[in-house]
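Asks: Need the 3D shape of this:
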Amino acid sequence: MNKKELILKELRDFVDSSLKRVNSLLNEETIKLYWGIGRFISDESKMKIFGDSYIEKIAEDLQNRYPQIKGFSRSSVYKMKQFYETYKDDEFALSYLLKISWTKHSRILNKTKSIEERHFYIKLCAEENYSYRQLVRQIDSGYYERHMTANNKDDVLKTDEGESIILDPVLLENLNLPEEYKEVDIKKAIISNMKDFILEVGDCFTYIGEESQVEVGGQIYRIDLLFYHRALHCLVAFEIKLGEFKPEYISKMDFYLEALDRQKRKADENPSVGIILCASQNEEVVEYAMSRTMSPMMVKDYLTELPDKEVLKNRLEKVVKTSKRNAN
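Replies: Numbers count the residues shown, from 1 in each chain. Here you go, the predicted model:
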């Protein structure tokens with residue numbers, strides 16, 4: 001890079017950082033504006049100075065006064081009232097309020113049912129810097145329910161904060177799989193859509209490669225997908241299987257993890273971890289199969305299309321009840 005290119009790059013970096021600050025300030029002021037309008041309307045609803053159709057009258061007045069602003073429709077103004085009334089006494093939400101955009105707040109209000117779910121997505125947006133598209137994908141995929149289901153299970157693979165390292169079930173949608181597909185098709189599709197896969201499993205996973213080789217007894221063995229997990233400080237081997245879980249998958253993963261620890265694991269890393277992704281599983285069969293293994297591994301279902309959120313909610317409720325029963 002010559003001197004001229006370096007100067008231009010320095011200018012572009014300056015403009016980019018300045019625009020980022022401008023957009024951040026604009027978002028903060030927009031949130032403050034809508035919060036103030038919401039508070040005003042909420043207070044007026046108690047006094048009823050404008051009568052029963054007060055929201056329509058206020059929206060009409062704002063549209064007439066500020067025709068250049070598109071955000072003052074009746075539904076938008078009502079959303080501002082809902083926004084204020086939902087979070088006005090919520091200290092957790094208030095601490096994140098200015099950190100995410102109005103469009104994201106609106107989506108969360110529209111698509112979540114409980115305060116716990118709203119908190120989850122607000123924090124996720126703020127800390128992971130989600131785009132609007134990413135937020136829509138996570139809500140539509142039942143990310144909250146799948147995250148909570150995984151955390152309420154007695155999985156051996158959890159971070160220091162007590163969170164499972166992977167969702168339950170794992171969603172592998174938008175892979176454009178053929179009508180009749182094989183394991184290799186799923187693996188190739190994951191690699192081609194690695195950005196979406198990392199969004200699904202979490203950015204603590206760093207992709208290393210496909211069909212990572214280990215040599216034992218003069219023979220080459222290939223692991224489907226190999227990652228590194230930054231929070232666990234270890235290698236993570238993924239094996240992808242069509243159909244229902246089979247007990248022999250455990251011994252194969254044991255073999256891979258032993259080979260990884262002997263041949264690829266570094267001195268400062270923790271023992272390697274295995275994740276077996278199956279189309280379905282019988283939990284009793286999985287429990288029997290894993291009862292004598294000492295290797296850190298887990299078996300998870302995967303889905304290739306968006307799940308029914310009601311099914312996920314029922315599944316979460318069942319897991320929570322089981323967890324509470326076992327704790328007692």
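Asks: Measure how far the strand or helix carrying Ile223 is from the centre of its chain, please.
Replies: Using DSSP states H and E, Ile223 maps to strand 219-229. The chain centroid and the centroid of strand 219-229 are separated by 25 Å under Cα atoms, centre = their mean, to the nearest Å.
Asks: Summarise which helices and strands it is packed against.
Replies: helix 183-192, strand 205-216, strand 234-244, helix 248-263 (3 or more Cβ pairs under 8 Å, 6 or more residues apart in numbering; DSSP states H and E). (Each C-beta comes from the backbone N, C-alpha and C, glycine too.)
Asks: Those: which one's closest to Lys81?
Replies: Between Lys81 and those, the tightest spacing by Cβ to Cβ is seen for strand 205-216, at 40.9 Å.
Asks: Show me what that closest one is packed against.
Replies: By 3+ Cβ pairs under 8 Å, 6+ apart, strand 205-216 packs against helix 194-201, strand 219-229, strand 234-244, helix 248-263.
Asks: Sheet partners, orientation included, of that strand?
Replies: Strand 205-216 sits in its sheet next to strand 219-229 (antiparallel), going by DSSP bridges.
Asks: Enumerate every residue touching the nearest residue to Arg39 once chain neighbours are set aside.
Replies: Nearest non-adjacent residue to Arg39, counting by Cβ to Cβ, 6 or more residues apart in numbering: Tyr84, 4.9 Å away. Taking Cβ atoms under 8 Å, 6 or more residues apart in numbering as the criterion, Tyr84 is in contact with Trp35, Gly38, Arg39, Ile41, Ser42.
Asks: CA atoms of stretch 143-156 as PDB?
Replies: The C-alpha trace of stretch 143-156 is given here as PDB (Å, rounded to 0.1, in the frame of the first residue of the first chain):
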ATOM      1  CA  TYR A 143     -33.700 -19.000  19.800                       C
ATOM      2  CA  TYR A 144     -34.900 -18.100  23.300                       C
ATOM      3  CA  GLU A 145     -36.800 -21.400  23.800                       C
ATOM      4  CA  ARG A 146     -33.900 -23.500  22.400                       C
ATOM      5  CA  HIS A 147     -31.400 -21.600  24.500                       C
ATOM      6  CA  MET A 148     -33.400 -22.100  27.700                       C
ATOM      7  CA  THR A 149     -34.100 -25.800  26.900                       C
ATOM      8  CA  ALA A 150     -30.400 -26.400  26.600                       C
ATOM      9  CA  ASN A 151     -29.500 -24.600  29.800                       C
ATOM     10  CA  ASN A 152     -32.100 -26.500  31.800                       C
ATOM     11  CA  LYS A 153     -30.800 -29.800  30.700                       C
ATOM     12  CA  ASP A 154     -28.100 -31.600  32.700                       C
ATOM     13  CA  ASP A 155     -25.500 -31.300  29.900                       C
ATOM     14  CA  VAL A 156     -21.900 -31.800  30.800                       C
END
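Asks: Counting neighbours, which bits of that stretch end up buried?
Replies: In terms of neighbour count (16 or more other Cβ atoms under 10 Å), stretch 143-156 has its buried residues at Tyr143, Tyr144, Glu145, Arg146, His147, Met148, Thr149, Ala150, Asn151, Asn152, Lys153, Asp155.
Asks: Name the weakest-confidence residue in those, if you would.
Replies: The lowest pLDDT within those belongs to Asp155, which sits at 69.
Asks: Now do the one helix or strand the residue nearest to Arg39 maps to, average pLDDT.
Replies: Here Tyr84 sits within helix 74-87, counting by DSSP H and E. The average pLDDT for helix 74-87 rounds to 93.
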